[in-house]
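Peer 1: would you be able to build a 3D model of this:
(one chain, ligands or ions: 1)
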Amino acid sequence: MMPKALDGQIVMEKTPRYFVTVDTPARVHAMSQDVKLIVVVRDPVTRAISDYTQIISKTPDIPSFESLAFKNRTTALEVLVTMVLQRDDEEITFNDQKYYRCLNFVHLMSLMFLLANCEACMTNPLSPSLPVSLGQIDSLWSPLWIGLYAQHMERWLAWFPRSQIHLVNGERLISDPAGELGKVQDFLGLQRIVTDKHFYFNKTKGFPCLKKPEGSSKPHCLGKTKGRTHVTIDPEVIQKLRDFYKPHNQRFYQLAGQNFGWH
Ligand SMILES: Nc1ncnc2c1ncn2[C@@H]1O[C@H](COP(=O)(O)OS(=O)(=O)O)[C@@H](OP(=O)(O)O)[C@H]1O
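Peer 2: The predicted structure follows:
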């Protein structure tokens, strides 16, 4: 239950997981049918990387982004072992055919072991631990599943009209915070109090910050956990994710009546 408000007051509550939790639309509807809903959305690929960056900052030992985002990945080692186990000299076509053909299984495994344990080899395209195929996207992995906005939006639209849901453009919230917040204030039926004059761009943080938050004379930026440097992801992986999200994003734009321009 939300706390009671006096006349002229509104009560706000923020929980990121509401948007994606299956039972929430029905529960919120049971609480109030007139509630105004605000969702901040950003490019789902960037969102997934941001999510992973957050997870790895708390649990540094988790597997790489790639191995969580894809299932059935195949590494060069796996391809080689499969070829050797089903050994038929004429059919060994991986990389340097003649080279591998003259090795017996034990030699090949020793070579693989050496390569697998040689850090310098990690940049070698012949490195056995490098994936030769990314496999299938694991859309149930939470950082990817959350970005299936159309799916989540549909659940909310089953309970609330589109007019009761305001979508904030996460990219513009950074490039033009006052513009995005102007629309939020309009949606809430508030006078536009927060404007451009309340923000400045902090070069060190690389994000907009508040010039003077209420009750303080000092500028205020969001904390260290917001606007972190993201982990670096292979461009091929990014492209696969972009292709994966494309139809979902198109569907979301239709439901939203708004094109967010995520490519
Ligand atoms: N002004 C300002 N300063 C810092 N960060 C900003 C700002 N405006 C938007 N953002 C973006 O907000 C992202 C962090 O939000 P979260 O995803 O952690 O929010 S939430 O916990 O889900 O509410 C955060 O994502 P990351 O960049 O991945 O950290 C920012 O891109």
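Peer 1: rest of the way, CA atoms for contacts and neighbours
Peer 2: Will do.
Peer 1: please report the distance of the closest residue to the ligand within the stretch 101-250 of the chain from residue 172.
Peer 2: Ranked by CA to the nearest ligand atom, the top residue of the stretch 101-250 of the chain for proximity to the ligand is residue 227, at 3.3 Å. The span separating residue 227 from residue 172 equals 14 Å under the rule CA to CA, to the nearest Å.
Peer 1: pretty sure residue 227 contacts residue 208?
Peer 2: No. Between residue 227 and residue 208 there is no contact under CA atoms under 8 Å: 10.2 Å.
Peer 1: so the two - more neighbours on which side?
Peer 2: Per other CA atoms under 10 Å, whichever of residue 227 and residue 208 has more neighbours is residue 208, with 21 against 13.
Peer 1: which bits of this protein sit near the ligand?
Peer 2: Applying CA under 6 Å from any ligand atom, we find that the chain lies next to the ligand at 16, 50, 173-174, 207-209, 222, 226-228.
Peer 1: make sure residue 165 is actually in contact with residue 36.
Peer 2: Yes. Taking CA under 8 Å as the contact criterion, residue 165 and residue 36 are neighbours in contact, 6.3 Å apart.
Peer 1: in terms of neighbours, single out the busier of the two.
Peer 2: Residue environment comparison for residue 165 versus residue 36 gives the larger neighbour count to residue 165, 18 against 14, counting by other CA under 10 Å.
Peer 1: for the more buried one, which non-adjacent residue is closest in space?
Peer 2: residue 37 (4.7 Å; CA to CA, 6 or more residues apart in numbering).
Peer 1: what's the neighbour count on that neighbour?
Peer 2: Using other CA under 10 Å: residue 37 sits among 20 other residues.
Peer 1: just residue 235 next, same as before
Peer 2: Burial of residue 235 is recorded as 9 neighbouring residues (other CA under 10 Å).
Peer 1: quick one: it from residue 66, how far?
Peer 2: When CA to CA is applied, the distance between residue 235 and residue 66 equals 11 Å.
Peer 1: same deal with residue 157?
Peer 2: From residue 157 over to residue 66 the distance is 33 Å, taken as CA to CA.
Peer 1: what's the answer for residue 163, then?
Peer 2: To residue 66, residue 163 is 38 Å away according to CA to CA.
Peer 1: these two: which is more packed in?
Peer 2: Set residue 163 next to residue 66 and count neighbours by other CA under 10 Å: residue 66 wins out with 17 against 11.
Peer 1: so for stretch 29-36, mean pLDDT?
Peer 2: Across stretch 29-36, the average pLDDT comes to 96.
Peer 1: so that it lines up with my notes, have the first residue be 156 from now on.
Peer 2: With 156 as the first residue, the last one maps to stretch 184-191.
Peer 1: grab the nearest non-local neighbour of the residue positioned nearest the centre of the chain.
Peer 2: For the chain, residue 203 is the residue whose C-alpha lies nearest the centre (CA atoms, centre = their mean; 1.3 Å). Nearest-residue entry for residue 203: residue 298, 4.6 Å, with adjacent residues in sequence omitted and distances by CA to CA, 6+ apart.
Peer 1: my guess is that neighbour contacts residue 208, does it?
Peer 2: No. No contact is recorded between residue 298 and residue 208 when judged using CA under 8 Å, the distance being 10.2 Å.
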